[in-house]
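1. sequence and predicted structure below; questions after.
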Amino acid sequence: EDQVTQSPEALRLQEGESSSLNCSYTVSGLRGLFWYRQDPGKGPEFLFTLYSAGEEKEKERLKATLTKKESFLHITAPKPEDSATYLCAVLNAGNNRKLIWGLGTSLGVNP
Amino acid sequence: GAVVSQHPSWVICKSGTSVKIECRSLDFQATTMFWYRQFPKQSLMLMATSNEGSKATYEQGVEKDKFLINHASLTLSTLTVTSAHPEDSSFYICSARGLGQETQYFGPGTRLLVL
C-alpha cells in the first residue's frame, strides 16, 4: 500500500539552528515528490518537486533531496518566519494520479 | 507564476442553505482542479477531481449530490455545498494543475461555518 510518513511530528529550533525534516515513502512507482509549506488558516504553498533519486533543489534557506525511499528538507540557519507546517506528498505512477500525503512536520523557530 | 485564488475566504451560513466557493487559476490554464477538505491538525483529504468540461470524479464517501463541482472553463471551478449542515463546517481548499504538469498549486482556502 502506498504510504508517506513524515518525521518528526513537531520540531522546535532556535533561530540559526539548522536541521532536517524527513519524508519516507513507499509507492508503486514514483512520479514525483512534493514539498509544501502551510501556515495556519491558509492553503499549502508550493516549495519543491523532485522526480528522481539524487535530485536536489534549493530555495533560500531550504534544500530538498531525494533518494529511492525518502526525502529530506534541510533548513539552514532558520528564521522565525520559517515557522510553519511542512507537508510532503508523493504522486504514484498509477492511473489515478492522486497525491498521497504525509501528516506534516510542525516547525517552530524561536527568535 | 502559478497563482490560485479562492473566494470567499470566509463564509458563515444558516443550516439548510447552499454555499458556492469559487477557485480560479490566475496565470495559467488549469486542465485539472482538485477540491480538498482539511480538519484541524489533520492532513488534506481529497474530495473530488475535475477536468475542464467533464464531470467530476468523487472520492469514496463523498456525496456528489451534496458537493456539486463545476469546471466549466480552464480557469474556474466551483464547489457548491448544498443544504449545508453544521457537520459540513470545515476548511475547503482547491488546487489546480496545468496540462502535462505534475505539480498542484493551491488556493488560500475557504473557511465554512454552518450555524
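-> Happy to help now that I have it.

2. please name the nearest non-neighbouring residue to whatever residue of chain B ends up closest to chain A.
-> Among all residues of chain B, residue B:106 sits closest to chain A, at 3.9 Å; criterion: Cβ to the nearest Cβ. In short, each C-beta sits where N, CA and C put it, glycine included. Taking Cβ to Cβ, 6 or more residues apart in numbering or on different chains as the measure, residue B:106 lies nearest to residue A:43, with 3.9 Å between them; neighbours along the chain are not counted.

3. kindly state the beta-bridge partners for the spatially most central residue of chain B.
-> Centroid-nearest residue in chain B, with Cα atoms, centre = their mean: residue B:35, separated by 3.6 Å. When assigned by DSSP bridges, residue B:35 has beta-bridge partners residue B:48, residue B:94.

4. that one reaches residue B:90, doesn't it?
-> No: with contact defined as Cβ atoms under 8 Å, residue B:35 does not reach residue B:90; the gap is 11.3 Å.

5. and stretch B:24-43, how far from the chain's centre?
-> For stretch B:24-43, the gap between its own C-alpha mean and the chain's C-alpha mean amounts to 6 Å (Cα atoms, centre = their mean, to the nearest Å).

6. do stretch A:83-97 as well
-> Using Cα atoms, centre = their mean, we find the averaged C-alpha position of stretch A:83-97 to lie 9 Å away from the chain's own average C-alpha position.

7. contacts for that stretch?
-> With Cβ atoms under 8 Å, 6 or more residues apart in numbering or on different chains as the test, stretch A:83-97 has contacts from A:2, A:4, A:6, A:21, A:23, A:25, A:27-39, A:44, A:47, A:71, A:73, A:98-102, A:104-109, B:43-44, B:102.

8. show me how to select, in ChimeraX, the buried members of those residues.
-> One line in ChimeraX is enough to select the buried ones among those; burial here means 16 or more other Cβ atoms under 10 Å in any protein chain shown:
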select /A:4,6,21,23,25,27,30,32,33,34,35,36,37,38,44,47,71,73,98,99,100,101,102,104,105,106,107,109 /B:43,44
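
9. out of the contacts of stretch A:83-97, which are inside strands?
-> By the criterion of DSSP state E, membership of these in strands covers A:4, A:6, A:21, A:23, A:25, A:30-38, A:47, A:71, A:73, A:99-101, A:105-109, B:44.
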